[in-house]
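Novice: no letters, just coordinates:
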């Protein structure tokens, strides 16, 4: 049933995209095709909003502005790209985020950067929040300082999840979590220096993007992955070892649930 959502409107939008691409040709920037579509939509009698801005806030403070390319007939979100390759993961994240913020179900990605225009159709449904937590690897192995730091971190993560749900990319999720940690006055360090040791000497000091919570717990955040990956776990273990720490959390604000995994060095 989802595949038939706004079928006639989708067909009309696709025809407009093909016409602009065929008439203008290949090799122009995104704004050129944007302007062409505005004229084509108007000619076809399609109502549309262009470049609307949504300001995402957390606890009343701005997180980030999001700018929509097109919202057509108040039903379909259209995101334009001009890439010499297939769509990138960041493009899908952008579309899902826009569908979530504008509370629409149907989105189209259109790439004008190839000899043949590429259009992908995506359905988005906001799902009830589910949280999957697993602390088996760290249960009974933490001292009290680590336990308290992990407890505070967990509460902040769950508050963010309950407030905003799923559908945002990694950078947005991490920024909101950082804002919540600051609000709760939980000490954290973003970009902590990790000394990389090889053959008994430090070969480089690496600034990790993970969060160091109260100098005791490392937190790695991902988003819109199917699940926490082995690679996610391995990175946290490497940082724990280098910093001589014991406990970490791998957190994924995924496609269907928030997944939290305890990690032990």
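Specialist: Yes, it's here. Predicted model, so just to flag it, every value in this text is computed and none were measured.
Novice: where are the low-confidence patches of the chain?
Specialist: Residue ranges of the chain with pLDDT under 70: 1-3.
Novice: go through it and flag its longest helix.
Specialist: helix 144-164 (DSSP state H).
Novice: mind checking what helix or strand follows it in sequence?
Specialist: For helix 144-164, the succeeding helix or strand toward the C-terminus, using DSSP states H and E, is helix 170-183.
Novice: just checking, what packs against that following helix?
Specialist: Secondary-structure packing of helix 170-183 (3 or more C-beta pairs under 8 Å, 6 or more residues apart in numbering; DSSP states H and E): strand 53-58, strand 61-67, helix 144-164, strand 188-190, strand 211-213, strand 217-223. All C-beta atoms are positioned from the backbone trio N, CA, C, and that covers glycine.
Novice: closest to residue 34 out of these?
Specialist: Nearest to residue 34 among the helices and strands packed on helix 170-183 is strand 61-67 (11.3 Å), distances taken as C-beta to C-beta.
Novice: what residues does the helix or strand following that closest one touch?
Specialist: Proceeding N to C from strand 61-67, the next assigned helix or strand is strand 70-72, under DSSP H and E. For strand 70-72, contacts defined as C-beta atoms under 8 Å, 6 or more residues apart in numbering pick out 9, 13, 37, 41, 46-50, 52, 77-78, 80, 102, 104.
Novice: chain center to strand 70-72: distance?
Specialist: Centroid separation for strand 70-72 versus its chain: 21 Å, with C-alpha atoms, centre = their mean, to the nearest Å.
Novice: sheet-wise, list the partners of it with their directions.
Specialist: Its sheet considered, strand 70-72 pairs with strand 48-50 (antiparallel), strand 76-81 (antiparallel) by DSSP bridges.
Novice: just say which of the ones you listed is most tucked in.
Specialist: Ranked by mean neighbour count, the strands paired with strand 70-72 are led by strand 76-81 with a mean of 22 (mean count of other C-beta atoms under 10 Å).
Novice: what's the first helix or strand after that strand?
Specialist: Next element after strand 76-81 (DSSP H and E): helix 89-102.
Novice: now that following helix against strand 61-67, angle please.
Specialist: Put simply, helix 89-102 runs at 110 degrees to strand 61-67, going by axes from the mean of the first three to the mean of the last three C-alpha atoms, to 10 degrees.
Novice: check the offset of helix 89-102 from the chain's centre.
Specialist: Counting by C-alpha atoms, centre = their mean, helix 89-102 comes out at 8 Å from the chain centroid.
Novice: if we can go back for a sec, which residues are in contact with the longest helix of the chain?
Specialist: With C-beta under 8 Å, 6+ apart, helix 144-164 has contacts from 58, 129, 131, 133, 138, 142, 173, 176-177, 180-181, 184, 186, 213-214, 216-217, 219, 246-247, 249, 251, 253, 258, 260, 262.
Novice: follow-up on the earlier one: which of the contacts of strand 70-72 lies closest to residue 113?
Specialist: residue 80 (10.1 Å).
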